[in-house]
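*Asks:* Below are the sequence and a predicted model; questions follow.
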Amino acid sequence: MESLSVTRVKDMINQMTLDEKINYLGGTGFVEGEKIGETQHLPHLNIPSVKMTDATSGSKLTEDHILFPAFICLAATFNPELSADYGQAVAEQCKADGYRILLGPGVNMYRVPHCGRNFEYLGEDPFLACKMLVPYIKSVQKSGVIATVKHFVANNSEHYRKNSNSVITERTLHEIYFPAFKAAIQDAGVKAVMTSYNLLNGEWVGQSKHLITEILRNEWGFDGMVMTDWWSIYDTEKAITSGLDLEMPDACILNHKRINALLDKGIISEELIDQRLINIFKPLCEMNLLDEKHSDPLLRNNWPEHERIAIETARQGIVLLKNQDNILPINPETTKTIALIGKNAIMTAASGGGAGGFDPGERLVTYLDAMNTIASKKAIKVTYYETLDNDIEQADIAVIFLTMIEHEFMDRPFTLSEAQYELIRQTSSLNANTIVVMSVGSGVEMASWINEVKGLIYSWFPGTYGAQALAEILFGEINPSGKLPFTIEHTEEETHYYGNYLPENTELPREFQGWNRGAPNFDIHYREGFFTGYRWYDLNNIKPLFPFGFGLSYSTFKLENLTLSSDVIIDNETLTVSCELTNTSHIDGTEIVQLYIQDIISSESQPQKKLKGFQRIMLKALESKHIEMTIHKKDLSFWSEISRSWQVENGFFNVLIGTSAADIFLEDRFMYYQSKK
């Protein structure tokens, strides 16, 4: 029995002319700074245009908007509850000005640190991405805005993305690059999916029947709207028969002339077009967008709460990576002068560029602003140096603020510029108490200079207000608790992507080169398969510079007393994993306990460990807490290349409990047994 929304949609479609139906397959166009995209308006059928806005970390087109810390910063919080708050705040920013389709969240996996859009995504691990993604989407849509999960699929680098062919095995897709999209559909109920620019295994994703119909619709049960990324399809017949519904920002390929030619030849039918319209109208109907007023200006009253959520995201997501001699937090008893170096202190890069980045607004808090606000209360003098000066030698502490340009449609180098290296070298030679603050969305080369500095912080792209959190952490008003959502390597040569990424002799730019560039199609062979990120380092027994899940605190913690509710899981039973976490310091703090599963004996190759649980635990000084996490049958599964399906095999598994992928403190074993064949 079909739903009332489908019945209503079919009635509307029956009232449309063929020309109106074809016209609705494309948006109304793109106008820089004014209109990103919107659906067609059919006033005689009372069908309003629905406006779209970029992107995951706010609403680009909303007047007086707030730019939230980058999505990768949210991932570093390991806090799904905060992700829900973040999603609600973003949706309310959209809805205030009537933008009811959000062109996000972005969930492409972190494969290479060079990718210009890593700052928009959720890191290298599919389990973490799923757990952070689902509450975000639920909150966005509960708030009345359609979420659009993107970019489906395998758009894991931006270097000539329209010409790159991701060559990936089926198992790798199912285990690494599909899970976040599948969770968005099956666990979050997302109502829109955006396809990607790249080819996958030789076929343009935006017009792939295998991906859109066979995987998205038939295998995962998606019945919502599938739209293109902007100007990303090429073949009308393939696109309209693939399961794609909406070409954005307008109908270049799904236009009247081309569609009518296919109809005249009998290649497609009007019924096929009707199905495309059902998929577009159904989510609009379910979200009440055909009936209610789209804008709600009263939501601006929630801006102060949105500001709080933005600052809290930065507080929980900023990662302390090095704290030699406990140089942090800054002690006002021994520190009277601080030298700030680097343009990012005063011209703070609030976001990366492209669709996912936008102007943080006039309320932007720079790092200098934030440092001065707190330092002035502690009688500490903060001085910004535009160029290196011998006075830096006299300062009690020197803080260098560095950033790199990260932008859609470009990948950037792994290395810093020579000027940045020189800045670190000279500053650290002048002042032994040097701290580096990195504002980026992914890893950079630090092995060559990390021993020259005492402190290192990843503050990400902070958005409008996140710099305040960085200052609070430096001065000890907030205890850092963020964890890296990706691995940071020593050198590119030790990684899984070395030789599997760029065409030979490619030089990546440090500045955005513009949009109108093309190249011959080239293959990116994902030869590492599902051994990405920490899985690769485990496989090859390599110790990275900083492991996935790593982050320091001003507190110290101890994990102990691991117990399992049973030593056997039978069929669909669950297993409860318990342990105790103690704050062994005299400082209140938060630790993120991580649970990994190791498949000991398998008929097919397996990673040494896979993240399958985590908890963010706040403890007062010397406090202990009992922690419980649950293991399900699906946590033991892998995609079998032999059976071409998810499998769980009888056998033994290890439970590994730690505070990063490389810092495992507790281990126990259980057996899985499937009694029914």
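*Replies:* Perfect, I can see it now. Residues are numbered from 1 along each chain as shown.
*Asks:* can you list the domains in this protein?
*Replies:* As assigned by automatic domain parsing, the chain contains the domains 38-299, 308-474, 557-673.
*Asks:* Turn those domains into TSV, including mean neighbour count, mean pLDDT and distance to residue 490.
*Replies:* Where you see a C-beta, it was placed from the backbone N, CA and C, and this is true even at glycine. Formatted as TSV, the domains of the chain follow (neighbours: other C-beta atoms under 10 Å; pLDDT from 0 to 100; distance: least, C-beta to C-beta, whole Å):
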stretch	mean neighbour count	mean pLDDT	distance to residue 490
domain 38-299	22	98	12
domain 308-474	20	97	4
domain 557-673	17	97	13
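*Asks:* Adding distance to residue 18, write those domains out as JSON lines.
*Replies:* JSON lines is the format used below for the domains of the chain (distance: least, C-beta to C-beta, whole Å):
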{"stretch": "domain 38-299", "distance to residue 18": "6"}
{"stretch": "domain 308-474", "distance to residue 18": "33"}
{"stretch": "domain 557-673", "distance to residue 18": "40"}
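*Asks:* Out of the ones you listed, which gets nearest to residue 499?
*Replies:* Nearest to residue 499 among these is domain 38-299 (11.8 Å), distances taken as C-beta to C-beta.
*Asks:* distance between that closest one and the chain's centre?
*Replies:* 14 Å (C-alpha atoms, centre = their mean, to the nearest Å).
*Asks:* Now do that domain: distance from first to last residue.
*Replies:* Start-to-end span of domain 38-299 (C-alpha to C-alpha, to the nearest Å) is 22 Å.
*Asks:* One more: stretch 105-124?
*Replies:* Start-to-end, stretch 105-124 (C-alpha to C-alpha) is 16 Å.
*Asks:* Would you list the phi and psi of the closest residue to residue 199 other than its chain neighbours?
*Replies:* What sits nearest to residue 199 in space, not counting adjacent residues and going by C-beta to C-beta, 6 or more residues apart in numbering, is residue 165, at 4.0 Å. Main-chain dihedrals, residue 165, degrees, to the nearest 10: phi -110, psi 110.
*Asks:* Residue 165 contacts residue 523, correct?
*Replies:* Yes - Residue 165 is within contact range of residue 523, at 4.9 Å (criterion: C-beta atoms under 8 Å).
*Asks:* so who does the residue nearest to residue 50 when sequence neighbours are not counted touch?
*Replies:* Spatial nearest neighbour of residue 50, excluding adjacent residues (C-beta to C-beta, 6+ apart): residue 39 at 4.7 Å. By C-beta atoms under 8 Å, 6 or more residues apart in numbering, residue 39 lies in contact with 24, 27-28, 49-50, 101, 246, 280, 284.
*Asks:* Take the residues you listed and lay them out in TSV including secondary structure and distance to residue 567.
*Replies:* Below are the contacts of residue 39 laid out as TSV (DSSP: H, G, I helix; E, B strand; the rest coil; distance: C-beta to C-beta, whole Å):
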residue	secondary structure	distance to residue 567
24	coil	59
27	coil	57
28	strand	61
49	coil	60
50	coil	54
101	strand	50
246	strand	52
280	helix	52
284	helix	52
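*Asks:* Of those residues, which is the nearest to residue 340?
*Replies:* Compare each of the contacts of residue 39 with residue 340 using C-beta to C-beta and the shortest gap goes to residue 101, at 41.2 Å.
*Asks:* I figured the closest one was touching residue 148, is that so?
*Replies:* Yes - between residue 101 and residue 148 there is a contact at 6.4 Å, judged by C-beta under 8 Å.
*Asks:* Pull up the overlap in contacts between these two.
*Replies:* Shared contacts of residue 101 and residue 148, counting by C-beta under 8 Å, 6+ apart, come down to 52, 192.
*Asks:* ok, now which ones touch residue 435?
*Replies:* 327-328, 397-400, 453-457, 474.
*Asks:* Pretty sure it sits in a helix.
*Replies:* No - secondary structure of residue 435 (DSSP: H, G, I helix; E, B strand; the rest coil): strand, not part of a helix.
*Asks:* and it, bridged to which residues?
*Replies:* When assigned by DSSP bridges, residue 435 has beta-bridge partners residue 399, residue 455.
*Asks:* can you give me the helices for the stretch 351-500 of the chain?
*Replies:* 367-377, 418-430, 467-474 (DSSP state H, counting those that start in this stretch).
*Asks:* ok, residue 98 to residue 289 distance?
*Replies:* Distance of residue 98 to residue 289, given as C-beta to C-beta, to the nearest Å: 10 Å.
*Asks:* How about residue 263?
*Replies:* Relative to residue 289, residue 263 is positioned 29 Å away (C-beta to C-beta).
*Asks:* Let's verify the nearest residue to residue 635 once chain neighbours are set aside: helix, strand, or coil?
*Replies:* Leaving aside its sequence neighbours, residue 635 sits nearest to residue 612 (C-beta to C-beta, 6+ apart; 4.3 Å). Secondary structure for residue 612, judged by three-state DSSP, is strand.
*Asks:* list the contacts for residue 612?
*Replies:* Contacts of residue 612 (C-beta under 8 Å, 6+ apart): 127, 595-597, 631, 635.
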